[in-house]
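Trainee: Quick one, structure for this:
(chains A and B)
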Amino acid sequence: MKAAFLERLSTYCDPWLSEHAAGARLRRIDVLLARHLGTCGVKTQQICIGHLAPALTPAFATVAARLAPASSAAGAALLASADPGSGSNAWLAFRFSQTYPQRPNPWHADTDPRTAGEAYRPAHPWPPARLPMVTATTCRDVEWALFSESQAPHVTEWAEWLLKRLELKGLAAGWDQRAGVWRFDLADALLAVAAAWRTWNDLRYLNCLLRVGDILLRAPRPRDGLPQMAALVCLGIQREAAMARLTEERRL
Amino acid sequence: MKIVVISPSIRSLYSTALAFQLARDGHQVCGILVRRVLQWQRIKSEWAAGPSRLIAKVVRRGLQMPSPAALKSDETIYAYCKNAGIHVGLARLASELGSDLRGCRNFSDPETMSWLESKKPDVVFFTGGGMVPDAVLRLAGAGVVNCHIGPLPAFRGMDVVEWPLLTGQPCGLTCHFMDAHLDTGPILLQREIPVLPGDSIEVVRLRIEPMMVDAMREVARTLAQGTCVPTVQRREDGRQYFAMHPRLVQLAELAITRGGTTR
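Mentor: Presented below is the predicted three-dimensional model:
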């Protein structure tokens, strides 16, 4: 069961992370992100060590440790749920356990999402166009549904909606400059888009990650702390890995 | 045919060239509707698509400063206008053609709507200025024709020169009737855009503008003759694309360097 889950996750992001772990670009972005997180006062060491693939962590952890050596309960939780070689697993398990503490967690490594998913149904009806806003719930639903073959026809529609929402609203209206926060849970939305990119290899989703990610990386001190920062790390690494792979492919 | 031309700016060379050529081809350009550039909503929406794009657009079009690539090339709208003997701006051209030139803040202003209704055009040619509301589409005779700079139905939305290059598809332009959705109306004419090794995206884009004028003229001709056969698009046949991130634009440029596609 665990092997099946890991195999499924292997289509998610880990091959890219491992493949490009030694790349200079990734090491550079590690340092950049760690500095950014440190400036934001987030306890980065725990998030990052738990969250990223082990091959990536040394350079990052060194910088992060200097900047923010303190520990936190959330960080420990991430560490505990992190599966070797599987960064996204830790993140998803952490987010899921926060939102649905009573439900079986499909993102733990010893749970098969195809069966655990039965306990977790999207909270909103399809189609997504009926939804007034991007919400954390809808984004987790996208994440979940991307793994659920039975939901495939709906996922396309939902992901398209999410992409459009992020492109048209996220860039222009999502960032509240005065309050220093995103008006909706952009971090989750971006993770969903990242999942869509990895699943379909559709460059429009990578484009969205790059565009929104630029704003996130420049954003001054987000106030919702750890979850968004963890997502930021994940996003930064993912988009750099994707770009590195794409550039390499184009040059061959 | 009685034609109204919608223009994104009083300084648009594309609109000027199209109005001039339509009149030369024997059509009556009975009105030219220009959307005012300096208004908050328009600036805001263009800023959202990318501040650097907006600045470049203002410099290039607003101040009519051709880029170095445009100055070198003989395939640009600048060269096209020169060769066609178009030496006047849109306002002067409207006066010479006896066309009613009207500025508007939004296409859906009541005054604009009554103005358009009074013109009773056979068809409206759109050369830019934002989304056209349904009410305008209904007052446009046969419809509002737009020339989209990407191949439809596959590439709808923005940066549709760059997206085909990035994904290894041929570039093309498509004249189509506008409808309530983005780039989903019936297709009237399609042309492939030549992309040569050594071209840059800017050069390809510059090459498109004169092609757009001629494609629109061809549509006007076939509409007047009654030989134009619109091909209906299905919404699911294409996808909407958005402004491309500069790093992906670099990869699209790389695709041209590795080999042009046509001609």
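Trainee: does residue B:166 really touch residue B:252, like I thought?
Mentor: Yes: counting by Cβ atoms under 8 Å, residue B:166 touches residue B:252, with 4.2 Å between them. From N, CA and C alone the C-beta is placed, and that goes for glycine too.
Trainee: what sits in contact with each of the two?
Mentor: residue B:244 (Cβ atoms under 8 Å, 6 or more residues apart in numbering or on different chains).
Trainee: the longest strand in chain B is where?
Mentor: The longest strand of chain B (DSSP state E) is strand B:28-35.
Trainee: List the buried residues for that one?
Mentor: Buried residues in strand B:28-35, counted by 16 or more other Cβ atoms under 10 Å in any protein chain shown: B:29-35.
Trainee: For the stretch 51-200 of chain B, which residues score under the pLDDT cut-off?
Mentor: Applying pLDDT under 70 to the stretch 51-200 of chain B picks out residues B:51-54, B:56-72.
Trainee: Which stretches in it count as helices?
Mentor: Remark: helices assigned in the stretch 51-200 of chain B by DSSP state H, counting those that start in this stretch are B:51-57, B:68-72, B:77-84, B:90-97, B:110-119, B:134-138, B:162-166.
Trainee: Quickly compare those and say which is most buried.
Mentor: helix B:162-166 (a mean of 24; mean count of other Cβ atoms under 10 Å in any protein chain shown).
Trainee: which other helices and strands contact that one?
Mentor: The elements that helix B:162-166 packs onto, with contact taken as 3 or more Cβ pairs under 8 Å, 6 or more residues apart in numbering or on different chains; DSSP states H and E, are helix B:201-225, helix B:246-257.
Trainee: and these, which one is worst for confidence?
Mentor: The minimum mean pLDDT among the helices and strands packed on helix B:162-166 belongs to helix B:246-257 (a mean of 87).
Trainee: what sits against the closest residue to residue B:254 other than its chain neighbours?
Mentor: The shortest distance from residue B:254 to any non-neighbouring residue, by Cβ to Cβ, 6 or more residues apart in numbering or on different chains, is to residue A:250 (5.4 Å). Applying Cβ under 8 Å, 6+ apart to residue A:250 gives the contacts B:251, B:254-255, B:258.
Trainee: tell me which parts of chain B are close to chain A?
Mentor: By Cβ under 8 Å from any Cβ of the partner chain, the residues of chain B that approach chain A are B:44-45, B:47-48, B:163, B:166-167, B:239-245, B:247-248, B:251, B:254-255, B:258.
Trainee: same thing but at 7 Å, please
Mentor: Proximity of chain B to chain A (Cβ under 7 Å from any Cβ of the partner chain) is limited to residues B:48, B:166-167, B:240-242, B:244-245, B:247-248, B:251, B:254-255.
Trainee: so which of those residues is the most crowded?
Mentor: residue B:244 (27 neighbours; other Cβ atoms under 10 Å in any protein chain shown).
Trainee: Just the terminal-to-terminal distance for stretch B:133-149.
Mentor: 21 Å (Cα to Cα, to the nearest Å).
Trainee: I'd like the distance from that stretch to the chain centre, please.
Mentor: Relative to its chain's centre, stretch B:133-149 lies at 13 Å (Cα atoms, centre = their mean, to the nearest Å).
Trainee: Show me the contact partners of that stretch.
Mentor: B:107-108, B:113, B:116-117, B:121-126, B:132, B:160-161, B:173-178, B:180, B:183, B:188, B:208, B:212, B:215-216, B:219, B:223 (Cβ atoms under 7 Å, 6 or more residues apart in numbering or on different chains).
Trainee: List the backbone torsions phi and psi for residue B:167.
Mentor: With angles defined as degrees, to the nearest 10, residue B:167 sits at phi -100, psi 10.
Trainee: any chance of the helices of the stretch 51-200 of chain B in CSV, plus distance to residue B:103?
Mentor: Formatted as CSV, those follow (distance: least, Cβ to Cβ, whole Å):
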stretch, distance to residue B:103
helix B:51-57, 19
helix B:68-72, 27
helix B:77-84, 22
helix B:90-97, 10
helix B:110-119, 9
helix B:134-138, 15
helix B:162-166, 32
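Trainee: Now do residue B:8 against chain A, distance only.
Mentor: 20 Å (Cβ to the nearest Cβ, to the nearest Å).
Trainee: ok, the nearest residue to that residue once chain neighbours are set aside - contacts?
Mentor: Computed as Cβ to Cβ, 6+ apart, the closest residue to residue B:8 that is not its neighbour in sequence is residue B:128, at 3.3 Å. The contact partners of residue B:128, by Cβ under 7 Å, 6+ apart, come to B:7-8, B:12.
Trainee: Just the closest of these to residue B:81, please.
Mentor: Closest approach between those and residue B:81, by Cβ to Cβ: residue B:12, at 11.2 Å.
Trainee: just checking, that closest one touches residue B:127?
Mentor: Yes: the criterion here is Cβ atoms under 7 Å, and residue B:12 meets it with residue B:127 at 6.3 Å.
Trainee: okay, how far is it across stretch B:21-34, tip to tip?
Mentor: One end of stretch B:21-34 sits 18 Å from the other (Cα to Cα).
Trainee: about what we covered before: from the rest of the structure, what touches the longest strand of chain B?
Mentor: By Cβ under 7 Å, 6+ apart, the residues outside strand B:28-35 that reach it are B:2-10, B:19, B:22-23, B:90, B:94, B:97, B:99-104, B:107, B:112, B:119, B:121, B:129-130.
Trainee: tell me the angle that strand makes with helix B:110-119.
Mentor: Between strand B:28-35 and helix B:110-119, the angle comes out at 170 degrees (axes from the mean of the first three to the mean of the last three Cα atoms, to 10 degrees).
Trainee: Report the angle between strand B:28-35 and helix B:90-97.
Mentor: Using the same axes, to 10 degrees, strand B:28-35 lies at 160 degrees relative to helix B:90-97.
Trainee: Give the pairing partners of strand B:28-35; include direction for each.
Mentor: If you go by DSSP bridges, strand B:28-35 pairs up with strand B:2-7 (parallel), strand B:100-104 (parallel).
Trainee: what's the closest of the ones you listed to residue B:200?
Mentor: Residue B:200 sits nearest to strand B:2-7 of all those, at 27.0 Å, using Cβ to Cβ.
Trainee: need the next SSE after that closest one, C-terminal direction.
Mentor: Going down the chain from strand B:2-7, the next helix or strand is helix B:13-24, by DSSP states H and E.
Trainee: Only the buried residues of that following helix, if you could.
Mentor: By neighbour count with 16+ other Cβ under 10 Å, helix B:13-24 contains the buried residues B:13-23.
Trainee: Kindly report the same for stretch B:221-241.
Mentor: By neighbour count with 16+ other Cβ under 10 Å, stretch B:221-241 contains the buried residues B:221, B:223-224, B:228, B:230, B:233, B:238, B:240-241.
Trainee: and if you look at stretch A:242-252?
Mentor: Neighbour-count burial for stretch A:242-252, counted by 16+ other Cβ under 10 Å, picks out A:242-244, A:246, A:250.
Trainee: Go through those and flag which are in helices.
Mentor: Of the buried residues of stretch A:242-252, the ones assigned to helices by DSSP state H are A:242-244, A:246, A:250.
Trainee: what residues are up against the nearest residue to residue B:35 once chain neighbours are set aside?
Mentor: Residue nearest to residue B:35 in three dimensions, not counting chain neighbours: residue B:129, with 3.8 Å by Cβ to Cβ, 6+ apart. By Cβ under 7 Å, 6+ apart, the residues touching residue B:129 are B:6-8, B:35.
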